[in-house]
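[1] 3D, please:
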Amino acid sequence: ISSFSMKMIAFRSFHVIRGNSKGSCHKIRRYIPQSSQNQYFHSASSLNEKTGIPFYGSPRSSSDSLPSPLHRISLAINAATTAFKDPSRADAVAILGEVTGHFALRNMQEKMMSHPIGKNILQERPLVSKETLPIDSLIESSKHITENGKETFGQAYGKFLGSHKFDPDERDEVKYVSDPDLAYIMLRYRQCHDYWHTLTGLPPTVLGELGLKWLELLQTGLPVAALSATVGSLRLEERERKILNNLYFPWAVKMSKQSEYLLNV
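    I've put the predicted structure just below:
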């Protein structure tokens, strides 16, 4: 997998496991040392040679089976209605993201191709799954961080997955994006979500998820991120909405301007 070279300022609120008690913002730098990359990550290209499975999962349907423009509009309306009523419906959110994200995905592709790491990611097309990453080893390794508190990204990622009982294989496959390159970018966007939780320190709480969705929206421009960020905020209590507007949203704007492009990580 490509080198993780992103350096960003991470938010540490009172929600975060690794943070100060006052919930202040301070600079940190997290990256994977070269020596750790070989230990924790494997290239999807080598997996493909052994299995013959396309990099983005199961074989894609032919273009004839993809929805027509009218069907796509119908899918978008139905998915948006379902997601609005119940934001926890990941299937509806996934469909909405695919049928409305074409132009944003093209823009994301251009940004990745203009950066050496992003270009390398698109060439190698690594996957984030239990087939390509030793998840159990990462979780176990996270329990043995040295006394000085230093940890690799792999250990931090393992700690996040282990503490919240998350499974990287739970991400939906891409079904309604016909272009293979854009389909991979959409899949990469989904699979890297927990990477970004780990990098930023944002917890998987309602406020933490909304803060990350605002960052994703500002960086990717995906309509589905806009829906998640706006609809989710409507369900907050007044106190929580103030925290989102006064703390998380300004943080997301600042990080979007100062950090590397998320998809190039």
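
[2] pretty sure residue 140 is in contact with residue 158, am I right?
    Yes: shown here, residue 140 and residue 158 form a contact pair, counting by C-beta atoms under 8 Å, at 7.4 Å. Placement of C-beta: from N, CA and C, glycine included.

[3] Roughly how far does residue 162 sit from residue 180?
    Residue 162 sits 33 Å away from residue 180, going by C-beta to C-beta, to the nearest Å.

[4] When those two are compared, which one has more neighbours?
    Here residue 162 and residue 180 are set side by side on neighbour count (other C-beta atoms under 10 Å), and the busier one is residue 162, at 17 against 14.

[5] which ones are touching the more buried one?
    By C-beta atoms under 8 Å, 6 or more residues apart in numbering, the contact list for residue 162 reads 139, 142, 143.

[6] out of the residues you listed, which one sits closest to residue 95?
    Nearest to residue 95 among the contacts of residue 162, counting by C-beta to C-beta, is residue 139 at 31.1 Å.

[7] Now the closest one: closest residue in space that isn't a chain neighbour?
    The shortest distance from residue 139 to any residue other than its chain neighbours is 3.9 Å, reached at residue 162 (C-beta to C-beta, 6 or more residues apart in numbering).

[8] Could you do residue 156 as well?
    Once its chain neighbours are removed from consideration, residue 156 has its nearest residue in residue 198; the separation is 5.0 Å (C-beta to C-beta, 6+ apart).

[9] number of nearby residues for that neighbour?
    Around residue 198 there are 21 residues (other C-beta under 10 Å).

[10] Check residue 249 too.
    When counting by other C-beta under 10 Å, one arrives at 18 neighbours for residue 249.

[11] Excluding covalently adjacent residues, which one is nearest to it?
    The spatial neighbour of residue 249 that comes closest, neighbours along the chain excluded (C-beta to C-beta, 6+ apart), is residue 214 at 5.7 Å.

[12] Now do the buried residues in the helix or strand hosting that neighbour.
    With elements taken from DSSP states H and E, the one containing residue 214 is helix 206-220. For helix 206-220, the buried set under the neighbour-count rule, 16 or more other C-beta atoms under 10 Å, comprises 206-220.

[13] And the contacts of it?
    Applying C-beta under 8 Å, 6+ apart, the contact partners of helix 206-220 are 11, 15, 104, 107-108, 189, 193, 196-197, 200, 202, 222, 225-226, 228-229, 232-233, 235-236, 240, 243-244, 248-249, 251-253, 255-256, 261-263.

[14] Pull out the buried members of the residues you listed.
    Buried positions within the contacts of helix 206-220, assessed by neighbour count (16+ other C-beta under 10 Å), are 11, 15, 104, 108, 189, 193, 196-197, 200, 202, 222, 225-226, 228-229, 232-233, 236, 240, 243-244, 248-249, 251-252, 255-256, 261-263.

[15] Let's see which of the contacts of helix 206-220 end up in strands.
    Of the contacts of helix 206-220, none are assigned to strands by DSSP state E.

[16] quick one: low-confidence ranges for the stretch 1-150 of the chain?
    Residues of the stretch 1-150 of the chain that meet the criterion pLDDT under 70 lie in 1-93, 146-149.

[17] same thing but 80
    Scanning the stretch 1-150 of the chain for pLDDT under 80 picks out the ranges 1-99, 145-150.

[18] tell me the contacts of residue 141?
    Taking C-beta under 8 Å, 6+ apart as the definition, contacts of residue 141 comprise 154, 155, 158.

[19] Those residues in helices, which ones?
    154, 155, 158 (DSSP state H).
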